[in-house]
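Q: output the structure for:
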Amino acid sequence: MGPFISLHAQARMQQRAVPREVLDCLLDHGRVHHDHHGAEVVYFDKAGRERARRSGATEAIREMQKYFNTYAVVATDGTLVTVGRRYRKYRRDA
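A: A predicted model of the protein is given here:
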């Protein structure tokens with residue numbers, strides 16, 4: 001059982017065609033970055049992509065690669081707030 005998924009996040013997952021398996025893999029293997037607004041952004045960095053590949057989390061890893069630009073925003077209570085795709089490098093400010 002994963003995190004509680006808000007209605008907004010459910011709608012975004014459907015709109016952006018992000019399968020639940022991808023979300024689970026992202027939350028298991030992604031890098032966590034605190035956004036300093038009370039939430040965490042989880043995304044696949046290079047090491048996270050490699051961990052996902054090695055884990056065999058999905059049988060169709062070639063299919064999975066198109067989702068490596070997916071990110072998720074998780075609130076402090078563990079609720080999944082939203083899911084999206086990034087098209088630029090994630091900036092990590094100090």
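Q: can you map out the strands along the protein?
A: For the chain, strands defined by DSSP state E occupy the ranges 31-34, 39-43, 70-75, 80-85.
Q: least confident secondary structure element in the protein?
A: Taking mean pLDDT, DSSP states H and E as the measure, helix 61-64 is the helix or strand of the chain with the lowest mean score, a mean of 68.
Q: Ser6: which of the strands of the chain is closest?
A: strand 80-85 (5.9 Å; Cβ to Cβ). Just so you know, the C-beta spots here come from the backbone N, C-alpha and C atoms, and that holds for glycine as well.
Q: on that earlier part again, so which of the strands of the chain comes closest to Arg16?
A: Nearest of the strands of the chain to Arg16, taken as Cβ to Cβ: strand 80-85 at 6.1 Å.
Q: sorry, back to before: as TSV, the strands of the chain with mean pLDDT would be great.
A: Formatted as TSV, the strands of the chain follow (pLDDT from 0 to 100):
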stretch	mean pLDDT
strand 31-34	92
strand 39-43	93
strand 70-75	94
strand 80-85	93
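Q: would you format those strands as JSON lines with distance to Ala17 included?
A: Formatted as JSON lines, the strands of the chain follow (distance: least, Cβ to Cβ, whole Å):
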{"stretch": "strand 31-34", "distance to Ala17": "23"}
{"stretch": "strand 39-43", "distance to Ala17": "18"}
{"stretch": "strand 70-75", "distance to Ala17": "10"}
{"stretch": "strand 80-85", "distance to Ala17": "10"}
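Q: mind checking which of these is nearest Met13?
A: strand 80-85 (5.1 Å).
Q: can I get the strands of the chain in TSV with mean neighbour count and distance to Arg53?
A: Shown next, in TSV, are the strands of the chain (neighbours: other Cβ atoms under 10 Å; distance: least, Cβ to Cβ, whole Å):
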stretch	mean neighbour count	distance to Arg53
strand 31-34	14	15
strand 39-43	19	16
strand 70-75	20	15
strand 80-85	19	19
